[in-house]
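Colleague: Sequence and predicted model, in that order:
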Amino acid sequence: MRTTQLYAPTLRETPAEAEVISHQLMLRAGMIRKAAGGVYTYLPLAWRVLRKIEEIVREETDAAGGQELSMPIMQPSELWKESGRWEVYGEEMFRLHDRHGREFCLGPTHEEMITSLVRDEVRSYKQLPLMLYQIQNKYRDEIRPRFGLMRGREFIMKDLYSFDKDEEGMNISYKKMYDAYTNIFTRCGLQFRPVEADNGAIGGGHSHEFTVLADAGESEIAYCSSCDYAASNEKAELRVIKAPAEEMLPLEKTATPDCRTIEKVAEYLKISVEKTIKAVAFQNEKGEVVLAFVRGDHDVNEVKLQNAAGSIELRMADEQAILAVGGIPGFMSPIGLKKGTTVVVDATVMEMYNAVAGANEQDVHYRNVNPKRDFQDAIVTDIRLIQEGDPCPHCGQRVKMTRGIEAGQVFTLGTKYSEALHATFLDENGREKPLVMGCYGIGVSRTMAASIEQNNDEHGIIWPRAIAPYEVIVVPVNAKVAEQLSLAEEIYTSLKQAGIDVMLDDRKERAGVKFKDADLIGYPLRITVGPKSVEDNQIEVRVRRTGETLNYTKDVYLEKVIALLTKL
Ligand SMILES: [Zn+2]
């Protein structure tokens, strides 16, 4: 391909609407354009990246036993009513009617569709196991689509569904897909971790999220460098920390003027933060107050709290609501609240001795709070958010925290959908049984964005070679000089013949402009053809990721370039 023919309108300025790096760079590099909120056109460069990711997905999925098919994007409502999800899905589902008034949706996912397909065709255990997948657009009407391709309303996804005769078979399919995902993300050249995930509303056994590590990631993960433990911070289970036992002293009030934060209280009373108990007040969907208590240096994990309190959603409580249950904002404690108030205490707090907590009185705290003695009618469980340095739940070493982007997820579904949709088969003994399922997704367009989030610098994108739109760009410094252009053409042709995806920048632009564009688009290697190449037989090869410049003579540059590419 030649840049004079390439449709990649690059931008000099960073578009104001783009909040994250991948969105900014894809707009600037002429890879995507917005059609509507969360809906994008993929221009040729982006499309090539997507096709490369898809090809890796296909090769690894097929090797693991998957078979590709293509289901309709438009799905009849009847199937979703059978599974009970037509109502549950709510506003996130794009719904439409045909001319006869029949209801349809644009598929946000395909469990119903695939289960009904298999239900009608699979009769016997002999037809199992089965792994079917597709790569296509999915639709979700996000309230606030944002971050470019990271949270779009139309996006490309690979979704695979496994069908087995029993749980053992399902676990084998799960392991095959887990390994295939590991291969896929490795081949895409990404730094990632399979993270134990919350199975959430889907229910059933286990789940892993394949998280691409990047600072801009929406999910925070805890990982252990001594063992293979990694979990999303929402899911991470924590051990109870036991404070050294002390004699329980009598409760006493102490003045803490204007000490509204736990740090101020600790400073004022000259005690460590670990000796204090922090209160955080929420209100649930009904407006009822839910008070959470954790050790002063810990934070509340809202997902755990929500589960513990049996709430559907939680928001920070307003002052009126806190006052109504007998609490004083900034000075709250479980002691002396109105009866019936929901109080959830972290299990570690219950192991504290002679601690400091609020007294539900303005500018007053209690000393010598002994939760085992003083906290009554509280729900006690793990509601703490994991933090750097916490002991690993598997091996006890200290965990580290990092951020990431969820690019893939593997789930065991069990018989949730097969039971709802009556998808059964006859086992070896002629007994009718529901199919045992798993589902496995990869956000293909999101993987492209995640790759940019992980691989970029102030000049632009740095593609891993495997998914780069083109692997090499050949840039004649001055395309108006015939010798330079013809040498560049010659190099371009020989690289092409060697099977390398190569771009020739044949524009009659200044070299600086061409170098800037090459860095922005992120070709892994740039070959510069200048006066030295023509006169001294020196061909300059520059590695985008490191900025390293290498000079080769014309007789060896090709094998050197091929060798360099295998390492990128
Ligand atoms: Zn560990």
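Modeller: It's in. Remember, it's a predicted structure, so these values are computed and weren't measured experimentally.
Colleague: Give me every residue in the stretch 351-500 of the chain lying close to the ion.
Modeller: Within the stretch 351-500 of the chain, the positions near the ion by CB under 5 Å from the ion are Cys392, His394, Cys395, Gln397. C-beta coordinates here come from the backbone N, C-alpha and C atoms, glycine included.
Colleague: what about 8 Å?
Modeller: Cys392, Pro393, His394, Cys395, Gly396, Gln397, Val399 (CB under 8 Å from the ion).
Colleague: Just send those residues back as a markdown table, with secondary structure, pLDDT and neighbour count too.
Modeller: Output for those, formatted as a markdown table (DSSP: H, G, I helix; E, B strand; the rest coil; pLDDT from 0 to 100; neighbours: other CB atoms under 10 Å):
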| residue | secondary structure | pLDDT | neighbour count |
| --- | --- | --- | --- |
| Cys392 | coil | 88 | 22 |
| Pro393 | coil | 84 | 18 |
| His394 | coil | 86 | 13 |
| Cys395 | coil | 89 | 12 |
| Gly396 | coil | 88 | 11 |
| Gln397 | coil | 91 | 13 |
| Val399 | strand | 91 | 26 |
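Colleague: how about JSON lines for those residues, with distance to Pro250 added?
Modeller: Below are those laid out as JSON lines (distance: CB to CB, whole Å):
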{"residue": "Cys392", "distance to Pro250": "39"}
{"residue": "Pro393", "distance to Pro250": "37"}
{"residue": "His394", "distance to Pro250": "41"}
{"residue": "Cys395", "distance to Pro250": "41"}
{"residue": "Gly396", "distance to Pro250": "36"}
{"residue": "Gln397", "distance to Pro250": "40"}
{"residue": "Val399", "distance to Pro250": "38"}
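Colleague: what's in contact with the helix or strand harbouring Leu565?
Modeller: Take DSSP states H and E as the rule and Leu565 turns out to sit in helix 557-566. Outside helix 557-566, the residues within contact range by CB atoms under 8 Å, 6 or more residues apart in numbering are 465, 471-472, 491, 494-495, 498, 500, 524-525, 527, 539, 541, 543, 550, 552.
Colleague: Tell me the buried residues in it?
Modeller: Residues of helix 557-566 classed as buried by neighbour count (16 or more other CB atoms under 10 Å): Tyr557, Leu558, Val561, Leu564, Leu565.
Colleague: Contact residues of the stretch 201-350 of the chain facing the ion?
Modeller: By CB under 8 Å from the ion, the residues of the stretch 201-350 of the chain that approach the ion are Cys224, Ser225, Ser226, Cys227, Asp228, Tyr229.
Colleague: Next secondary structure after the helix or strand that contains Lys516?
Modeller: Per DSSP H and E: Lys516 is located in helix 511-521. The C-terminal neighbour of helix 511-521 among helices and strands, as given by DSSP H and E, is strand 525-529.
Colleague: so where do the strands sit in the stretch 51-200 of the chain?
Modeller: 67-68, 74-76, 94-97, 103-106, 130-139, 154-164, 192-196 (DSSP state E, counting those that start in this stretch).
Colleague: now the longest one: mean pLDDT?
Modeller: Going back to what we said before, that points to strand 154-164. Average pLDDT, strand 154-164: 98.
Colleague: ok, now the first one?
Modeller: Here the mean pLDDT over strand 67-68 is 98, rounded to a whole number.
Colleague: Identify all contacting residues around it.
Modeller: Strand 67-68 is contacted from outside by Arg58, Thr61, Asp62, Leu130, Met131, Leu132, Tyr133, Gln134, Ile135, using CB under 8 Å, 6+ apart.
Colleague: For PyMOL, write the selection for the buried entries among these.
Modeller: To isolate the buried ones among those in PyMOL, judged by 16+ other CB under 10 Å, type:
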select buried, resi 58+61+130+131+132+133+134+135
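Colleague: Which of the contacts of strand 67-68 sits closest to the ion?
Modeller: Thr61 (30.5 Å; CB to the ion).
Colleague: ok, that closest one touching Lys158?
Modeller: Yes - counting by CB atoms under 8 Å, Thr61 does reach Lys158; the two are 7.3 Å apart.
Colleague: Overlap of the contact sets of these two?
Modeller: Residues within reach of Thr61 and of Lys158 at once, by CB under 8 Å, 6+ apart, are Tyr133.
Colleague: Give me the domain ranges for this protein.
Modeller: The record assigns the chain these domain ranges, following automatic domain parsing: 47-236+401-452, 252-381, 470-566.
Colleague: Of these, which is nearest Pro15?
Modeller: For Pro15, the closest of the domains of the chain is domain 47-236+401-452, at 10.0 Å, according to CB to CB.
Colleague: Now the residue nearest the centre of the chain. Nearest residue, chain neighbours left out?
Modeller: A centroid search over the chain (CA atoms, centre = their mean) returns Glu406, at 1.6 Å, as the residue closest to the centre. Counting by CB to CB, 6 or more residues apart in numbering, Glu406 lies nearest to Glu209, which is 4.7 Å off, once chain neighbours are set aside.
Colleague: hang on, the one you found is in a strand, isn't it?
Modeller: Yes - going by DSSP: H, G, I helix; E, B strand; the rest coil, the assignment for Glu209 places it inside a strand.
Colleague: Run through the residues that contact it.
Modeller: Contacts for Glu209 (CB under 8 Å, 6+ apart) come out as Pro194, Val195, Ala197, Ser219, Ser232, Glu406, Gly408, Gln409.
Colleague: Most neighbours out of these, which is it?
Modeller: For the contacts of Glu209, the largest neighbour count, defined by other CB atoms under 10 Å, is 29 neighbours, found at Gly408.
Colleague: helix, strand or coil for it?
Modeller: Following three-state DSSP, the label given to Gly408 is strand.
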